[in-house]
Structure formats: structure tokens, C-alpha cells
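>>> Turn this into a model:
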Amino acid sequence: MFTGCGSASVKNNQTTKNDSTEKSSDIDSSSNAVTEAVQNNTDNENILIAYFSVPENVDTDGIDANSGASIVVKNKDVLGNMQYMAMTIQEAIGGELFRIETTEEYPLEHETLVNQAKEEQNEDARPELATHIENVEQYNIIFLGYPNWWGDMPQPLYTFLEEYDFSGKTIIPFNSHGGSGFSNTIEEIKKLQPNATVKDDGLSISRNDVADSEQEITDWAKGFQ
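Below you'll find the predicted structure:
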């Protein structure tokens, strides 16, 4: 499972509130299971599966109900929710995986990460990206994955969507969340990419259910073939 091979052209420069009263964010975790920013399947090379996932020190005893530090363990590999969803999509329909990474790594400690995410959101920050797509013109369909942080996309997603012109392309969102689903993120994507077709029927899965959602993810992805 998850045997994507090869690499596409890429440059490398090196949460959610459940409601307005809650004080934590939905932070996704990842691991070193995928070492390349881009991996490709030989089928459907016009499909890009871009996702954002950050490293985090996952202590299952310290994860509270709102932390979103969910992980998926498959074949002894520890994967972040978004990483797992992206790889499942690729296995279902092919395409190329692209991990959105920043030049400055996010903190590994959960509370520090949560606070930084909120600070970046308050400042409307645009973190610099370490990975860049050189051959964006070859893709017609972009699956875009991200966790819901404080009711919004992580700020690096804004950097990513402002860097590229996806006019004429189809963007299909997918995310993990702690109770708020997509929030208003699909509308934000439409604002940032007004000349792209942004699908409203994206896939949003609770962080607690991702590990058991392989079939749901597969069936959903195949619906766009």
C-alpha cells in the first residue's frame, strides 16, 4: 500500500474551533514516511494532489478533544491525517503527490504549534514556501488538502494559492477537522482562484475518523474520474 514512485518537477528552497467559544485548533500531524515533496503514479499525470501537513510531537496521552493531533498508523508507518488522505487519493486514481512545505519548520510541541497557527492567522501571515511546482501547466485537476485550523486554512495555503494561477483548472478540496468541517475555506479558495472551478462537493472528515475512512476516500476520489 502507498507505493507511489518517481518524482515530478519541483523546486525546493532548502484549526479548527468547534465553535466560537473554544480555545484550541485542529492541528494535523505528519511523519517522515514520505521523504519526497512530490511522488507520482504513472496514471493520470494531469492530476496534482497537493496537501499541507506539519510535523508534531504526538503524545497520545496529551491530546485533548480539540487538539487535532490525530495520526494514522498503516503498516507500521505513522502518517498525518492529510498525508494519509492524499496518499489514499493517489492510490485510488493516480496523479502526483505534492507536499506543501514552509522554509521555517513549525514547532514540534503541540501547544506552541497551536499558538503560532493562531498568531499567523491574526497577522494574516504568508509563510514562505520551501517547495514549488515548476510544471503547474501540466495539471488540469488539483486536489487540495489541508487541516482546519481555527476555522480556516493554515496560512501556508494562502501563500500557495497566491503563488499559482489555476485559471481554467479544477480545484477539489479535502480536509480533516475537529468538528467544523470546511468552515468557510471553500469560499476563500474561490476568492483566491476566481478563474478556477472550485468544487463544493469536497471531502471533509473528522480527524477521529480518518483512519477508518479509506473506502470513503477512495469512492469519493473515483467519483471525479
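
>>> all strands for the protein, in order.
Assigned by DSSP state E, the strands in the chain fall at 10-12, 29-30, 38-40, 47-52, 54-55, 71-74, 77-80, 96-100, 131-133, 141-147, 170-177, 197-198, 203-206.

>>> could I get those strands as CSV with distance to N184?
Using the backbone N, CA and C atoms, a C-beta is placed for each residue, glycine as well. Output for these, formatted as CSV (distance: least, Cβ to Cβ, whole Å):
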stretch, distance to N184
strand 10-12, 30
strand 29-30, 24
strand 38-40, 29
strand 47-52, 17
strand 54-55, 22
strand 71-74, 26
strand 77-80, 23
strand 96-100, 20
strand 131-133, 26
strand 141-147, 13
strand 170-177, 12
strand 197-198, 13
strand 203-206, 12
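
>>> export those strands to CSV and tack on mean neighbour count and mean pLDDT?
Shown next, in CSV, are those (neighbours: other Cβ atoms under 10 Å; pLDDT from 0 to 100):
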stretch, mean neighbour count, mean pLDDT
strand 10-12, 13, 53
strand 29-30, 25, 42
strand 38-40, 23, 50
strand 47-52, 27, 97
strand 54-55, 20, 62
strand 71-74, 18, 68
strand 77-80, 22, 75
strand 96-100, 25, 96
strand 131-133, 20, 96
strand 141-147, 26, 97
strand 170-177, 24, 96
strand 197-198, 18, 98
strand 203-206, 19, 94
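
>>> Can you say which of these is nearest to S183?
Taking Cβ to Cβ, strand 170-177 is the member of the strands of the chain nearest to S183, at 7.9 Å.

>>> relative to strand 47-52, how tilted is the closest one?
Interaxial angle, strand 170-177 versus strand 47-52 (axes from the mean of the first three to the mean of the last three Cα atoms, to 10 degrees): 30 degrees.

>>> which outside residues touch strand 170-177?
16, 26, 28, 68, 70, 81-82, 85, 89, 140-148, 181-183, 185-186, 189, 193, 196-199, 202-207, 210, 217, 220, 224 (Cβ atoms under 8 Å, 6 or more residues apart in numbering).

>>> swap the cut-off to 7 Å and go again
16, 26, 28, 70, 81-82, 85, 140-148, 182, 185-186, 189, 193, 196-199, 202-207, 210, 224 (Cβ atoms under 7 Å, 6 or more residues apart in numbering).

>>> Quick check: Q138 touching N46?
Yes. Counting by Cβ atoms under 7 Å, N46 is a contact partner of Q138 at 6.4 Å.

>>> closest to N115 out of the strands of the chain?
The closest of these to N115 is strand 54-55. By Cβ to Cβ, the value is 13.5 Å.

>>> List the residues that contact T159.
Going by Cβ under 7 Å, 6+ apart, T159 touches R126, P127, L129.

>>> Neighbour-wise, which one of those residues leads?
Using other Cβ atoms under 10 Å as the neighbour test, these are led by P127, with 20 neighbours.

>>> ok, that one to K199 distance?
Using Cβ to Cβ, to the nearest Å, P127 is found at 26 Å from K199.

>>> Check N135 too.
23 Å.

>>> For those two, indicate the residue with more neighbours.
Taking other Cβ under 10 Å, N135 and K199 do not tie; K199 has more neighbours (18 against 13).
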